[in-house]
Structure formats: structure tokens, C-alpha cells
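Participant: sequence and computational prediction follow.
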Amino acid sequence: MAAPPAIPRRGLFIGGGWREPTLGRRIPVINPATEETIGDIPAATAEDVELAVAAARDALTRDGGSAWSRASGAARAKYLNAIASKIKEKITYLALLETLDSGKPKDEAVADMEDVAACFEYYAGLAEALDGKQNAPISLPMENFKTYILKEPIGVVGLITPWNYPLLMATWKVAPSLAAGCTAVLKPSELASLTCLELGVICEEIGLPSGVLNIITGLGPDAGAPIASHPDVDKVAFTGSTETGKRIMTAAAQMVKPVSLELGGKSPLVIFDDVADIDKAVEWAMFGCFFNGGQVCSATSRLLLHEKIADRFLDRFVEWTKNIKISDPLEEGCRLGSVVSEGQYEKIKKFVSTARAEGATILHGGDRPKHLSKGFFIEPTIITDVSTSMQIWREEVFGPVICVKVFKTESEAVELANDTHYGLAGGVISDDLERCERIAKVIHSGIMWINCSQPTLVQAPWGGNKRSGFGRELGEWGLENYLSVKQVTKYCSDELYGWYQRPSKL
């Protein structure tokens, strides 16, 4: 295996150029698969946020907005398509950086970069289509008024994104916000920022107007919190933990600032006894919780099995799980890499030990793979004999850990599936499609999968209910997240309106 490339040393991307953080601090970048320090990133603070927001505000209003916010959607689409083209040119390099930074398998990182390019292209198309939706008339019951609608960018937006899909999750926010005509300050997670900084390089290369996208890296309290509370940030979009989401919401509320939040999950996957192909269902159960090391907000980490197939299903589940290749994520065929950091590794191990202490059975996994002495690797873990009061049932693990409960009836399955504070996603697997449609309607979630788990489509809305947050990303809904609707009404009659009496002439 060839030696990985040197990690480029970047600054903060502010106002179309690079600058060192005001306080000169940097954060080491740790390769989670080797535990080695491979580079560093700048550690922004409130002073740098101030500069980034000022640059974004200037880009929004420069020349009356003609350069960006009030330019045509077609003009903005050219830049989004140019970004997509550059991503495609650099897929191999960007995927390598993502793997070194986050520990995810190389094949997954390549798929992520393909999705990044597709997302920019998709929103380029929606930006162009936005031009045709401007000045849309509204039918009125009177002839002396005419009303039409304008869709305008909401303004300067703060985008705070997670480490599990670093560039892809950033793109879910950057692409639609720029398509809408907003300007942005992006703050990726300090645990995986390398590819987001490379997005700054791409913006330079394609000539994106200065200040339209600013990228700052740093710790949440130092760089994220000042974005959420900044008076010149018109909206905050956040993906991450529910607890951090609460803090962002509180800060934004002081200025009645809109927020969209995509938070945690503890999603159910319900599998009925009429499934003819057990292996097909097993693979979806694995994909639903072990893909990306289980570090997925929508992971179907609560597996509900009908009692008639539970034993047979679990036997095959363990056999399939034993067959997963766990290795250095750069190795060919790797299907489970490391988790993102030592802190996450220790958190997952604590969840497993607590489950064992509370009386659950670790049917498979739960330990470091024996053949990997370094790196933050943990075996895919299957936990049974779980009660609904256990921590493992109620709290999000964000790792390759699935807990299992058995049910007898459809109504019991629905009750168990909805037994959570979260409401991001859910899935049902059954050969009875009428049952699947019925279950899809009664699970309290923003996303439902039938006979699968985790397909994520840029054209379809993404978001949750309850403590999983609110607002929708992706699809047309993702663009609407960053638009403000303005009503324009004009009086069309030559006559006085006639409400007040005309004064008599002298």
C-alpha cells in the first residue's frame, strides 16, 4: 500500500482568501485508524467568526446584491455546477482525505464524494428553476388588486455540521443555501474538517465571489457558539447532537432567529415473520446499523423481530456479521473501519459495558478486533435480552451497535417502535406490502423505509420529528429552508379605494 499524501496545511477561508486564526491556535488531526497525528487545522475563535460573518454580509449586499443574492438563479447555478465538476476531478484525493480524517472505509468515502458532486448539481438545477418561480401570481377574488410572490434569500446563514459525513453533510447545507442566494459561514466538526477546507480551495479555483462561502474550523464553544449567537447571522442550520441543538436553539431564540435542526435518532427496524428471504432482511439490518461504523443519525439501531423468526434470524445475523471485513480503511474490501476518535471509541465501549451490567446479552462483538492492536476499532455488536428501560434501548450510541427485541403482534411492534424520544427514521421489512404501508403511516418519524434501510436520495426530504429536530433538508424542501417568501400586492384601479370620505372642495 502506497504511503498516504501529506496533509495540506490550510488556514481559515474568509472573504475569498486564507488567513491564520487570530489567536494563532491550531488543532491536531489524528488518523483514527492509526492513532497518529497527520496534520493540523486552524482553531478559530469569536474574533474569526466576526471576520467571517462580516465577509458574508458584505458578499450578500455588495453592489446592491447584484453579484450574488439578487443575481439570477441561473448565474448562481454556474458556480454550483463548476464546484460539482471540480469535486468529480478530485474524487480520489478527497475520498482519501476523508478516510484518513474520519476512519471510514475508502469505498464509502468515494461514494460520499460522488454524492457531494450530485448534490451540487441537483441544487444548480433548482437554482435555475427558481427564476421561473419568481413573480408567481396568486388568484384573488377581486379585480382591483393583483398579488404575486417573490422568493428571496434569507440572508447570511451559519452552517454547523458533523463529523460522520464531513463534506457530504456540509454540502447538504452549502449547496441549497448558495442556490437560494444566501451567503454562508460553514463550521465543520473539529474531528473531521479536512475535506471542508478543500472545498475552500475549490471555491478559489472556480472564482466564487469573495465572501459568499466562508469556512472556519475550530471547537464548538469557540467557533460554533459565536455563529449561533451572532446578530448578523440570519439563520442557523445545524446537524449534530440533541443537546448541542438545544443550546443553538436557545442562543438563536434571543434574536428570534430561525433554525433548522437535524439531531439524534434511535430508529427502529421492524421485521415480520412472513419474510421469505431471511438473508436479504439480514443484510438490510446490517446496512442499517453497521454502515459508516454505525455513525449515522438515522441508523436503525433498534431491531424488532417477530418471535417466529427471531432465533433463525439472529443465527444468520451473527454469521453474516462475522464475515464483515474489519481493517485499515484504505485496504481493498474494507467494510468496517475505525470510529472517528478515541472519545467516540470509549463512549461506545461504555454503552456496551452498561448494557451488560444492566442484564443484556452481548450476542456478538463489543470488543476491539483481535487482529487490530492500534486504532479506534470496535467489532460490530449485537445485543439481545434488552428491556425498554435499558440505556442501550433509549439512548443513541452512534457506533456499530444494535439492540434486539422480540414482538408477537403488529400492534406490539408499533408500540415498541414508537417507544423513543426521537423520530428521525424507521423501517419495516415484510412480504405483505399492505402491512408495510400501514406501518409506515403509524411510525412517528420523518423518514420511513419499506424493505430496506438507509437509502438517502438527494431528491427526497430528510429530517425528523420529536427530539430529532425540525425542518427538512434535501429535495425542494432543502432549498425552501433558505428562502423567505415575500408577498407583493398592488392596487390596480384608477378609482379611489373609497373607504374614507373625500373632503369637500373649497
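Facilitator: Now that the structure is in, tell me what you want to look at. Residues are numbered from 1 along each chain as shown.
Participant: can you give me the end-to-end span of stretch 328-340?
Facilitator: Across stretch 328-340, the terminal residues are separated by 13 Å (C-alpha to C-alpha, to the nearest Å).
Participant: pull the distance from it to the chain's centre.
Facilitator: 21 Å (C-alpha atoms, centre = their mean, to the nearest Å).
Participant: ok, and what's touching that stretch?
Facilitator: 1, 4, 32-34, 96, 99, 102-109, 163-164, 191-192, 290, 293, 295, 324-327, 345, 348, 375-378, 380, 399-400 (C-beta atoms under 8 Å, 6 or more residues apart in numbering). In this view, the C-beta of every residue, glycine as well, is placed from N, C-alpha and C.
Participant: kindly confirm whether my reading is correct that A251 touches A228.
Facilitator: Yes: using C-beta atoms under 8 Å, A251 makes contact with A228 at a distance of 4.2 Å.
Participant: same drill for these two, tell me which one is more crowded.
Facilitator: More neighbours surround A228 than the other of A251 and A228, with 25 against 19 (other C-beta atoms under 10 Å).
Participant: tell me the confidence at the more buried one?
Facilitator: Note on A228: pLDDT of 97.
Participant: that one in helix, strand or coil?
Facilitator: Under DSSP: H, G, I helix; E, B strand; the rest coil, A228 falls in the helix class.
Participant: ok, it - contacts?
Facilitator: Per C-beta under 8 Å, 6+ apart, neighbours of A228: 158, 160, 236, 238, 247-248, 251-252.
Participant: and which of those is nearest to G464?
Facilitator: Taking C-beta to C-beta as the measure, G464 lies nearest F238 of the contacts of A228, at 13.0 Å.
Participant: so what's the closest one scoring on pLDDT?
Facilitator: 98.
Participant: could you flag which of the contacts of stretch 328-340 are buried?
Facilitator: The neighbour count (16 or more other C-beta atoms under 10 Å) marks 32-34, 96, 99, 102-106, 108-109, 163-164, 191-192, 290, 293, 295, 324, 326-327, 345, 348, 375-378, 380, 399-400 as buried among those.
Participant: three-state assignment of E152?
Facilitator: Per three-state DSSP, E152 ends up strand.
Participant: and for it, the neighbour number?
Facilitator: 17.
Participant: cool, C492 as well?
Facilitator: Around C492 there are 10 residues (other C-beta under 10 Å).
Participant: pull up the distance across stretch 252-270, start to finish.
Facilitator: 37 Å.
Participant: pLDDT on it, on average?
Facilitator: 96.
Participant: buried sites along stretch 307-322?
Facilitator: Buried, per 16+ other C-beta under 10 Å, within stretch 307-322: 309-310, 313-314, 316-318, 320-321.
Participant: give me the distance from stretch 85-93 to the chain's centre.
Facilitator: 21 Å.
Participant: next: stretch 457-473.
Facilitator: 9 Å.
Participant: quick one: mean pLDDT for that stretch?
Facilitator: 97.
Participant: quick one: end-to-end distance for it.
Facilitator: Termini of stretch 457-473 sit 11 Å apart (C-alpha to C-alpha).
Participant: picking up where we left off before, mind putting the buried residues of stretch 307-322 in CSV, pLDDT and distance to V185 included?
Facilitator: Converted to CSV, these look like this (pLDDT from 0 to 100; distance: C-beta to C-beta, whole Å):
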residue, pLDDT, distance to V185
I309, 98, 50
A310, 98, 49
F313, 98, 47
L314, 98, 47
R316, 98, 48
F317, 98, 44
V318, 98, 47
W320, 98, 44
T321, 98, 42
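Participant: of those residues, which belong to helices?
Facilitator: Using DSSP state H, the subset of those located in helices is 310, 313-314, 316-318, 320-321.
Participant: can you list the buried residues in stretch 437-455?
Facilitator: Those would be 439-440, 443, 445-449, 451-454, for stretch 437-455 by 16+ other C-beta under 10 Å.
Participant: determine which two of these are furthest apart.
Facilitator: G446 and N451, at 18.9 Å, using C-beta to C-beta across the buried residues of stretch 437-455.
Participant: one step back: closest one to T420 out of the contacts of A228, please.
Facilitator: The closest of the contacts of A228, once distances to T420 are taken by C-beta to C-beta, is F238, at 20.7 Å.
Participant: what about that closest one, how many residues nearby?
Facilitator: 28.
Participant: residues in contact with it?
Facilitator: 160-161, 228, 244-245, 248, 259-262.
Participant: ok, 7 Å please
Facilitator: Applying C-beta atoms under 7 Å, 6 or more residues apart in numbering, we find F238 in contact with 160, 245, 248, 259, 261.
Participant: nearest residue to it other than its sequence neighbours?
Facilitator: Spatial nearest neighbour of F238, chain neighbours left out: I160 (4.6 Å); criterion: C-beta to C-beta, 6 or more residues apart in numbering.
Participant: and the one you found, what are its bridge partners?
Facilitator: K187, F238 (DSSP bridges).
Participant: show me what the longest helix anywhere in the chain is packed against.
Facilitator: Longest helix in the chain, counting residues (DSSP H): helix 106-133. Using 3 or more C-beta pairs under 7 Å, 6 or more residues apart in numbering; DSSP states H and E, the elements in contact with helix 106-133 are helix 73-89, helix 91-102, helix 166-180, helix 475-480.
Participant: 6 Å instead, please
Facilitator: helix 73-89, helix 91-102, helix 166-180 (3 or more C-beta pairs under 6 Å, 6 or more residues apart in numbering; DSSP states H and E).
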